[in-house]
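[1] I'll drop the sequence and a predicted model, then ask my questions.
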Amino acid sequence: MKMLFLGDVVGRSGRTAIVENLPRLRAAWKLDFVVVNGENATNGAGLSGAHAKLLLDAGADCLTLGDHAFDQKDMMSFIEKEPRIIRPINLARAAPGKGYRIFDAPGGRKVLVAQVLGQVFMSRPYDDPFSAIEGVLKSHPAGGLVQAAIIDVHCEATSEKMAMGHWCDGKASLVAGTHTHVATADARILPGGTAHISDAGMCGNYDSVIGMDRTEPLRRFVTGMSKGRFQPAEGEATLSGVYVETDDRTGKATRVEMVRQGGCLSQSGPSPV
């Protein structure tokens, strides 16, 4: 199976990059399944129902969220009627929506997508992410009930994201980190056959401070004082993520490539065609 995972969409520029590029990439790379982390797509904080529909209409098969899952209040109800949106599995049990789902892919194949929040340096002590994801993978083995399993690890520390990759090795097809908006250069296939990257990066304007206009972050760093709210940076966005090919019989990854399209970052690695 040929799959694409795109990192955190930030603001209008990130949304525009998805709308203008994803249909082209789906056709050119003959993609079977696309996951997009959309949790910062609406003004840099959360995802609205209208913007979720925009990303889904552009070609995403599934949208993941994160610790800002419900910053946009309409997502509380929208997620209940839109099964293509996944929130973290280890949020409060009363949270609306689901932390994992099984999706259809071409040829009658099935893809598991799950998301989990980390604990290190995060704003609140979420439930144990390792035990939360273990149960899901045990009950939906890749190469068995599903042909592929994708895990979005939304957390701050690269060490925790790496640990999650090793924890899921041999049980998931791809473990991709999100949340920090800065892509790491460690895309690889782990010994057990799981593709892993500590952070997929963001779909947003990299001429910024993690997707935000530079003015206010710089003021706070330099003076220690704030004057206004963070605003997403405008301008051309870079599409960032990973391309993965898997073996349907085993669910294991056979190829992983970092993806950089457009914006102010040059393409990293060969184009996955």
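    Arrived safely. Please read all numbers here as calculations on a predicted model, not as lab measurements.
[2] the closest residue to residue 83 other than its chain neighbours and residue 250: what is the separation?
    Spatial nearest neighbour of residue 83, excluding adjacent residues (CB to CB, 6 or more residues apart in numbering): residue 101 at 6.1 Å. All C-beta spots, glycine's among them, are computed from the backbone N, C-alpha and C. Residue 101 sits 22 Å away from residue 250, going by CB to CB, to the nearest Å.
[3] I'd like the distance from the least confident helix or strand in the chain by mean pLDDT to the chain centre, please.
    Least confident helix or strand of the chain, by mean pLDDT, DSSP states H and E, is helix 215-223 with a mean of 89. Helix 215-223 sits 28 Å away from the centroid of its parent chain (CA atoms, centre = their mean, to the nearest Å).
[4] at which residues are the strands of the stretch 151-273 of the chain located?
    Taking DSSP state E, counting those that start in this stretch as the test, the strands found in the stretch 151-273 of the chain are 174-178, 188-189, 195-197, 202-203, 239-246, 253-261.
[5] what pairs with the second one, and is each one parallel or antiparallel?
    So that's strand 188-189. Sheet pairing here is set by DSSP bridges, and for strand 188-189 it gives strand 195-197 (antiparallel).
[6] what does the partner strand contact?
    Residues outside strand 195-197 that contact it (CB atoms under 8 Å, 6 or more residues apart in numbering): 162, 165, 169, 173-177, 183-184, 186-190, 242, 244, 246, 253, 256, 258.
[7] now the buried members of these.
    Buried members of these, scored by 16 or more other CB atoms under 10 Å, are 162, 165, 169, 173-177, 183-184, 187, 189-190, 242, 244, 246, 253, 256, 258.
[8] give me the contacts around the helix or strand residue 130 falls within.
    Using DSSP states H and E, the element containing residue 130 is helix 129-139. The contact list for helix 129-139 (CB under 8 Å, 6+ apart) reads 89-90, 99-100, 112, 114, 116-119, 145, 149, 151, 153, 155, 160, 163-164, 167-168, 171-172.
[9] now the helix ranked longest in the chain: how far from the chain's centre is it?
    Scanning the chain for the longest helix, with DSSP state H as the assignment, gives helix 11-28. Between the centre of helix 11-28 and the centre of its chain there are 15 Å (CA atoms, centre = their mean).
[10] and if you look at stretch 99-112?
    16 Å.
[11] with stretch 26-41 instead?
    The answer for stretch 26-41 is 10 Å, by CA atoms, centre = their mean.
[12] ok, and for it, which residues are buried?
    26, 29, 31-41.
[13] and stretch 116-127, by the same measure?
    Quick answer for stretch 116-127 (16+ other CB under 10 Å): 116, 117, 118, 119, 122, 126.
[14] now it: mean pLDDT?
    For stretch 116-127, the mean pLDDT works out to 80.
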